[in-house]
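[1] turn this into a model:
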Amino acid sequence: MANRYYSIYLGQDKTAAVEAASTVSAADVEVRITYTATGLTQGEVLKCLEQLEARIKEDTWPPA
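    Residues are numbered from 1 along each chain as shown. Modelled structure (predicted):
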């Protein structure tokens, strides 16, 4: 398995998002994607991110 981390800081646009093999502790938002031997498709990742977006919108803010 290989992990890829996508990190971004508040106020930046998509060109500032960083893809790396390790976590960035100072990032405001970070997503870890684990690639498995079965192969995770780009479409499946985007669907998961959409579901995460929907969950954040439903929840109270800030999270408890």
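
[2] in which helix or strand would I find Pro63?
    In the assignment (DSSP states H and E), Pro63 maps to no helix and no strand.

[3] just the helices from this structure, written as ranges.
    Secondary structure of the chain (DSSP state H): helices located at 42-58.

[4] which residues does the spatially most central residue of it bridge with?
    Residue closest to the mean C-alpha point of the chain, counted by CA atoms, centre = their mean, is Val31 at 2.5 Å. For Val31, the beta-bridge partners under DSSP bridges are Tyr6.

[5] which residues of the chain score low on pLDDT?
    Confidence mapping of the chain against pLDDT under 70 gives the ranges 37.

[6] run the last query once more with 90
    The model of the chain has pLDDT under 90 over residues 1-2, 13-15, 24-25, 35-41, 59-64.

[7] OK, contacts around Ala27?
    Residues near Ala27 by CB atoms under 8 Å, 6 or more residues apart in numbering: Ser7, Ile8, Tyr9, Val18. Glycine gets a C-beta too; all of them are placed from N, C-alpha and C.

[8] how near is it to Glu19?
    According to CB to CB, to the nearest Å, Ala27 stands 12 Å off from Glu19.

[9] number of nearby residues for Ala20?
    Other residues near Ala20 come to 13 when the count uses other CB atoms under 10 Å.

[10] my guess is it contacts Ile8. True?
    No. Ala20 lies out of contact with Ile8 (CB atoms under 8 Å); the separation is 11.6 Å.

[11] what is the neighbour count of Glu30?
    15.

[12] name the nearest residue to it, sequence neighbours excluded.
    What sits nearest to Glu30 in space, not counting adjacent residues and going by CB to CB, 6 or more residues apart in numbering, is Ser7, at 4.5 Å.

[13] these two touch, right, the one you found and Ser22?
    No. Under the criterion of CB under 8 Å, Ser7 is not in contact with Ser22, lying 9.9 Å apart.

[14] and the two? which has more neighbours close in?
    Under the neighbour definition other CB under 10 Å, Ser7 and Ser22 were set side by side, and Ser7 has more, 20 against 9.

[15] for Thr23, which non-adjacent residue is spatially closest?
    Tyr5 (5.3 Å).
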